[in-house]
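Chemist: only the shape, not the letters, is given here:
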(Lines give C-alpha, C1' and ligand atoms only; values in the text may rest on other atoms or scores of the structure.)
Protein backbone atom coordinates (compact mmCIF):
# COMPACT_ATOMS: atom_id res chain seq x y z
CA UNK A 1 0.00 0.00 0.00
CA UNK A 2 1.59 3.30 -0.99
CA UNK A 3 0.50 6.90 -0.66
CA UNK A 4 -0.39 8.88 -3.79
CA UNK A 5 -1.35 12.57 -4.17
CA UNK A 6 -5.00 11.50 -4.40
CA UNK A 7 -5.00 9.13 -1.43
CA UNK A 8 -4.84 9.81 2.30
CA UNK A 9 -3.67 6.81 4.31
CA UNK A 10 -4.68 6.21 7.90
CA UNK A 11 -4.81 3.32 10.34
CA UNK A 12 -6.56 2.30 13.51
CA UNK A 13 -7.82 -0.71 15.34
CA UNK A 14 -10.40 -2.58 17.30
CA UNK A 15 -9.08 -2.11 20.83
CA UNK A 16 -10.43 -4.89 23.02
CA UNK A 17 -10.21 -6.29 26.53
CA UNK A 18 -11.79 -8.98 28.70
CA UNK A 19 -14.35 -8.01 31.30
CA UNK A 20 -14.17 -9.49 34.83
CA UNK A 21 -16.82 -11.96 33.61
CA UNK A 22 -14.54 -13.11 30.79
CA UNK A 23 -16.44 -11.41 27.98
CA UNK A 24 -14.84 -9.40 25.18
CA UNK A 25 -15.61 -5.70 24.94
CA UNK A 26 -14.29 -3.16 22.46
CA UNK A 27 -13.64 0.57 22.60
CA UNK A 28 -15.39 3.24 20.54
CA UNK A 29 -14.48 6.90 20.82
CA UNK A 30 -16.44 10.13 20.50
CA UNK A 31 -14.89 12.87 18.37
CA UNK A 32 -16.26 16.31 19.30
CA UNK A 33 -15.11 17.83 16.00
CA UNK A 34 -17.53 15.58 14.10
CA UNK A 35 -19.89 14.65 16.96
CA UNK A 36 -19.61 11.01 15.96
CA UNK A 37 -18.70 7.64 17.46
CA UNK A 38 -16.04 5.63 15.70
CA UNK A 39 -13.24 3.14 16.03
CA UNK A 40 -10.00 4.94 16.98
CA UNK A 41 -7.85 5.81 13.98
CA UNK A 42 -5.67 8.54 12.51
CA UNK A 43 -3.48 9.62 9.61
CA UNK A 44 -0.13 8.00 8.93
CA UNK A 45 3.04 10.02 9.26
CA UNK A 46 5.23 10.23 6.18
CA UNK A 47 7.17 6.96 5.76
CA UNK A 48 5.42 5.31 8.70
CA UNK A 49 4.26 1.70 8.41
CA UNK A 50 0.50 1.57 8.85
CA UNK A 51 0.72 -0.98 11.66
CA UNK A 52 2.83 1.55 13.58
CA UNK A 53 0.25 4.23 12.82
CA UNK A 54 -2.48 2.00 14.22
CA UNK A 55 -0.69 1.41 17.52
CA UNK A 56 0.25 5.08 17.88
CA UNK A 57 -3.24 6.37 17.14
CA UNK A 58 -4.83 3.89 19.55
CA UNK A 59 -2.57 5.19 22.31
CA UNK A 60 -3.17 8.84 21.43
CA UNK A 61 -6.96 8.60 21.16
CA UNK A 62 -7.74 6.15 23.96
CA UNK A 63 -4.79 6.37 26.35
CA UNK A 64 -4.26 2.61 26.13
CA UNK A 65 -1.19 0.72 25.01
CA UNK A 66 -1.88 -2.64 23.42
CA UNK A 67 -0.58 -5.76 21.75
CA UNK A 68 -1.18 -5.79 18.01
CA UNK A 69 -2.90 -8.88 16.66
CA UNK A 70 -4.36 -9.87 13.33
CA UNK A 71 -5.00 -7.58 10.41
CA UNK A 72 -8.70 -6.78 9.92
CA UNK A 73 -8.78 -5.11 6.51
CA UNK A 74 -9.01 -1.75 4.76
CA UNK A 75 -11.98 0.55 4.28
CA UNK A 76 -12.03 3.25 1.64
CA UNK A 77 -14.23 6.29 1.23
CA UNK A 78 -14.08 9.68 -0.50
CA UNK A 79 -13.46 12.90 1.42
CA UNK A 80 -15.32 16.12 0.69
CA UNK A 81 -12.14 17.45 -0.93
CA UNK A 82 -12.40 14.72 -3.57
CA UNK A 83 -9.43 12.82 -2.17
CA UNK A 84 -9.84 9.13 -1.35
CA UNK A 85 -9.12 8.01 2.21
CA UNK A 86 -7.99 4.48 3.01
CA UNK A 87 -7.86 3.19 6.57
CA UNK A 88 -6.20 -0.08 7.61
CA UNK A 89 -7.24 -1.77 10.86
CA UNK A 90 -5.76 -4.31 13.26
CA UNK A 91 -7.04 -6.11 16.30
CA UNK A 92 -5.27 -4.67 19.36
CA UNK A 93 -5.52 -6.18 22.86
CA UNK A 94 -5.44 -3.49 25.56
CA UNK A 95 -2.56 -4.01 27.97
CA UNK A 96 -2.38 -0.89 30.13
CA UNK A 97 -3.49 2.71 30.34
CA UNK A 98 -6.56 4.82 30.99
CA UNK A 99 -8.60 7.29 29.00
CA UNK A 100 -8.03 11.02 29.38
CA UNK A 101 -10.15 13.37 27.31
CA UNK A 102 -8.14 15.22 24.66
CA UNK A 103 -8.68 17.53 21.70
CA UNK A 104 -9.45 14.60 19.34
CA UNK A 105 -11.62 12.40 21.57
CA UNK A 106 -13.64 13.50 24.58
CA UNK A 107 -15.25 10.19 25.55
CA UNK A 108 -14.76 6.44 25.19
CA UNK A 109 -17.22 3.60 25.66
CA UNK A 110 -16.37 -0.06 26.22
CA UNK A 111 -19.12 -2.12 24.63
CA UNK A 112 -19.92 -5.59 23.41
CA UNK A 113 -19.19 -6.15 19.72
CA UNK A 114 -22.90 -5.93 18.97
CA UNK A 115 -23.23 -2.81 21.12
CA UNK A 116 -20.31 -1.18 19.35
CA UNK A 117 -21.84 -2.00 15.96
CA UNK A 118 -25.04 -0.24 17.04
CA UNK A 119 -23.14 2.78 18.38
CA UNK A 120 -20.62 3.63 15.65
CA UNK A 121 -21.75 6.24 13.17
CA UNK A 122 -20.41 4.70 9.97
CA UNK A 123 -21.04 1.47 8.04
CA UNK A 124 -17.29 1.14 7.42
CA UNK A 125 -16.67 0.72 11.15
CA UNK A 126 -19.36 -1.95 11.31
CA UNK A 127 -17.58 -3.80 8.49
CA UNK A 128 -14.37 -3.85 10.52
CA UNK A 129 -16.23 -5.02 13.62
CA UNK A 130 -17.67 -7.87 11.57
CA UNK A 131 -14.15 -8.84 10.51
CA UNK A 132 -13.02 -8.70 14.14
CA UNK A 133 -15.91 -10.96 15.19
CA UNK A 134 -15.01 -13.67 12.63
CA UNK A 135 -12.56 -15.18 15.16
CA UNK A 136 -12.78 -15.07 18.97
CA UNK A 137 -10.06 -12.56 19.87
CA UNK A 138 -9.56 -13.94 23.36
CA UNK A 139 -8.74 -17.41 22.01
CA UNK A 140 -6.17 -16.34 19.45
CA UNK A 141 -2.40 -16.15 19.76
CA UNK A 142 0.36 -15.04 17.41
CA UNK A 143 3.66 -16.36 16.10
CA UNK A 144 5.98 -13.86 14.39
CA UNK A 145 8.44 -15.00 11.70
CA UNK A 146 11.01 -12.51 10.40
CA UNK A 147 13.59 -12.86 7.65
CA UNK A 148 17.09 -11.80 8.67
CA UNK A 149 18.31 -8.31 7.79
CA UNK A 150 20.79 -7.66 4.99
CA UNK A 151 24.23 -9.25 5.28
CA UNK A 152 27.46 -9.13 3.33
CA UNK A 153 27.64 -11.05 0.06
CA UNK A 154 27.99 -14.82 0.43
CA UNK A 155 31.19 -14.84 -1.67
CA UNK A 156 32.88 -12.49 0.80
CA UNK A 157 32.57 -14.90 3.72
CA UNK A 158 34.66 -18.04 4.23
CA UNK A 159 32.00 -19.57 6.47
CA UNK A 160 28.37 -18.77 5.60
CA UNK A 161 27.34 -19.71 9.14
CA UNK A 162 29.33 -16.70 10.37
CA UNK A 163 28.35 -14.13 7.74
CA UNK A 164 27.38 -10.99 9.69
CA UNK A 165 24.90 -8.23 9.03
CA UNK A 166 26.21 -5.34 6.96
CA UNK A 167 25.77 -1.69 7.98
CA UNK A 168 22.31 -1.52 6.41
CA UNK A 169 21.35 -4.77 8.12
CA UNK A 170 22.37 -3.42 11.50
CA UNK A 171 20.12 -0.41 10.92
CA UNK A 172 17.28 -2.72 9.91
CA UNK A 173 17.78 -4.81 13.05
CA UNK A 174 17.58 -1.72 15.24
CA UNK A 175 14.43 -0.57 13.43
CA UNK A 176 12.86 -4.03 13.77
CA UNK A 177 13.04 -3.93 17.57
CA UNK A 178 10.21 -1.39 18.08
CA UNK A 179 8.20 -2.87 15.21
CA UNK A 180 8.36 -6.40 16.62
CA UNK A 181 7.72 -4.92 20.05
CA UNK A 182 4.18 -4.04 18.94
CA UNK A 183 3.29 -7.75 19.06
CA UNK A 184 4.22 -8.33 22.70
CA UNK A 185 7.27 -10.54 22.12
CA UNK A 186 8.66 -12.59 25.00
CA UNK A 187 10.55 -15.53 23.45
CA UNK A 188 13.19 -15.18 20.71
CA UNK A 189 14.43 -17.93 18.39
CA UNK A 190 16.87 -17.71 15.47
CA UNK A 191 18.07 -20.13 12.81
CA UNK A 192 21.66 -21.26 13.32
CA UNK A 193 23.22 -18.44 11.31
CA UNK A 194 25.01 -15.40 12.76
CA UNK A 195 22.97 -12.97 10.65
CA UNK A 196 19.71 -14.44 11.98
CA UNK A 197 20.86 -14.12 15.59
CA UNK A 198 22.18 -10.60 15.01
CA UNK A 199 18.83 -9.50 13.55
CA UNK A 200 17.20 -10.15 16.93
CA UNK A 201 19.96 -8.79 19.17
CA UNK A 202 18.50 -5.24 19.53
CA UNK A 203 15.14 -6.75 20.51
CA UNK A 204 16.78 -9.23 22.90
CA UNK A 205 18.60 -6.35 24.58
CA UNK A 206 15.34 -4.44 25.02
CA UNK A 207 13.59 -7.51 26.43
CA UNK A 208 16.65 -8.67 28.39
CA UNK A 209 16.11 -12.20 27.18
CA UNK A 210 18.25 -14.79 25.41
CA UNK A 211 17.95 -15.92 21.80
CA UNK A 212 17.43 -19.67 21.35
CA UNK A 213 19.34 -21.04 18.35
CA UNK A 214 17.29 -23.32 16.06
CA UNK A 215 19.41 -25.64 13.86
CA UNK A 216 16.30 -27.13 12.23
CA UNK A 217 15.19 -23.78 10.79
CA UNK A 218 18.10 -22.99 8.45
CA UNK A 219 17.74 -23.23 4.67
CA UNK A 220 20.07 -26.23 4.58
CA UNK A 221 18.18 -28.07 7.30
CA UNK A 222 14.89 -27.34 5.59
CA UNK A 223 16.21 -28.72 2.28
CA UNK A 224 17.71 -31.81 3.93
CA UNK A 225 14.73 -32.74 6.15
CA UNK A 226 11.70 -30.60 5.42
CA UNK A 227 9.44 -32.64 7.68
CA UNK A 228 11.67 -32.06 10.69
CA UNK A 229 11.88 -28.31 10.00
CA UNK A 230 8.11 -28.08 9.58
CA UNK A 231 7.55 -30.05 12.78
CA UNK A 232 9.84 -27.70 14.71
CA UNK A 233 8.02 -24.63 13.38
CA UNK A 234 4.71 -26.11 14.47
CA UNK A 235 6.14 -26.88 17.91
CA UNK A 236 7.18 -23.26 18.31
CA UNK A 237 3.65 -22.18 17.39
CA UNK A 238 2.18 -23.67 20.57
CA UNK A 239 0.52 -21.10 22.87
CA UNK A 240 2.83 -19.59 25.48
CA UNK A 241 2.78 -16.58 27.76
CA UNK A 242 3.84 -13.78 25.44
CA UNK A 243 4.63 -14.08 21.75
CA UNK A 244 7.41 -16.06 20.08
CA UNK A 245 9.52 -14.40 17.39
CA UNK A 246 11.54 -16.55 14.98
CA UNK A 247 14.21 -15.22 12.64
CA UNK A 248 15.14 -17.43 9.69
CA UNK A 249 16.17 -17.35 6.02
CA UNK A 250 14.10 -16.68 2.92
CA UNK A 251 14.42 -20.15 1.38
CA UNK A 252 13.23 -21.70 4.63
CA UNK A 253 10.44 -19.28 5.48
CA UNK A 254 8.55 -19.38 2.20
CA UNK A 255 8.26 -23.18 1.75
CA UNK A 256 7.44 -23.72 5.42
CA UNK A 257 4.68 -21.13 5.43
CA UNK A 258 3.39 -22.32 2.06
CA UNK A 259 3.05 -25.85 3.43
CA UNK A 260 1.37 -24.63 6.60
CA UNK A 261 -1.10 -22.46 4.70
CA UNK A 262 -1.96 -25.41 2.45
CA UNK A 263 -2.55 -27.64 5.47
CA UNK A 264 -4.72 -24.96 7.04
CA UNK A 265 -6.54 -24.23 3.75
CA UNK A 266 -5.90 -20.50 4.02
CA UNK A 267 -4.54 -18.16 1.36
CA UNK A 268 -0.93 -17.10 1.81
CA UNK A 269 -0.16 -13.68 0.26
CA UNK A 270 2.02 -14.21 -2.79
CA UNK A 271 4.46 -11.47 -1.89
CA UNK A 272 8.17 -12.22 -1.77
CA UNK A 273 9.61 -12.28 1.77
CA UNK A 274 12.23 -9.57 1.58
CA UNK A 275 15.07 -9.17 4.07
CA UNK A 276 13.92 -7.76 7.42
CA UNK A 277 10.29 -8.39 6.42
CA UNK A 278 7.91 -10.03 8.88
CA UNK A 279 5.07 -12.56 8.86
CA UNK A 280 2.45 -12.34 11.60
CA UNK A 281 0.76 -15.71 11.99
CA UNK A 282 -2.50 -15.91 13.93
CA UNK A 283 -3.57 -19.21 15.48
CA UNK A 284 -6.55 -20.57 17.35
CA UNK A 285 -5.04 -23.44 19.31
CA UNK A 286 -3.12 -25.49 16.72
CA UNK A 287 -5.07 -24.06 13.79
CA UNK A 288 -3.51 -21.38 11.61
CA UNK A 289 -6.30 -18.93 10.78
CA UNK A 290 -4.45 -16.04 9.14
CA UNK A 291 -1.02 -15.02 7.81
CA UNK A 292 -0.22 -11.31 7.42
CA UNK A 293 2.87 -9.83 5.76
CA UNK A 294 4.73 -6.71 6.86
CA UNK A 295 7.52 -5.15 4.78
CA UNK A 296 10.89 -4.15 6.13
CA UNK A 297 10.83 -1.05 8.36
CA UNK A 298 12.77 0.66 5.55
CA UNK A 299 10.49 -0.61 2.81
CA UNK A 300 9.56 1.85 0.07
CA UNK A 301 5.84 1.14 0.47
CA UNK A 302 3.54 2.13 3.30
CA UNK A 303 2.20 -1.42 3.55
CA UNK A 304 0.54 -3.72 6.04
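Modeler: Yep, it's here. These numbers were taken from a predicted model, which means no experiment stands behind them.

Chemist: neighbours of residue 208, how many?
Modeler: Neighbour count for residue 208, taken as other Cβ atoms under 10 Å: 6. Heads up, the C-betas are built off the backbone N, CA and C, glycines and all.

Chemist: report pLDDT for it.
Modeler: Listed pLDDT for residue 208 reads 98.

Chemist: now it: phi and psi?
Modeler: For residue 208, the backbone dihedrals (degrees, to the nearest 10) come out as phi 60, psi 50.

Chemist: for the one 4 residues further on, same thing?
Modeler: Taking degrees, to the nearest 10, you get phi -90, psi 130 for the backbone angles of residue 212.

Chemist: mind checking pLDDT for the nearest residue to it once chain neighbours are set aside?
Modeler: Spatial nearest neighbour of residue 212, excluding adjacent residues (Cβ to Cβ, 6 or more residues apart in numbering): residue 189 at 4.7 Å. Here the pLDDT value assigned to residue 189 is 98.

Chemist: check the one 4 residues further on too.
Modeler: Predicted confidence (pLDDT) for residue 193: 97.

Chemist: one more: residue 162?
Modeler: On the pLDDT scale, residue 162 gets 85.

Chemist: quick one: contacts for the closest residue in space to it that isn't next to it in sequence?
Modeler: Nearest residue to residue 162 in three dimensions, chain neighbours excluded: residue 194, at 5.0 Å (Cβ to Cβ, 6+ apart). Neighbouring residues of residue 194 by Cβ atoms under 8 Å, 6 or more residues apart in numbering: 161, 162, 163, 164.

Chemist: neighbour-wise, give me the winner out of the residues you listed.
Modeler: Most surrounded of the contacts of residue 194: other Cβ under 10 Å gives residue 163, at 19 neighbours.

Chemist: so that one makes contact with residue 195?
Modeler: Yes - with contact defined as Cβ atoms under 8 Å, residue 163 counts as touching residue 195 (5.7 Å).

Chemist: give the residues shared as contacts by these two.
Modeler: Counting by Cβ under 8 Å, 6+ apart, the common neighbours of residue 163 and residue 195 are residue 151.
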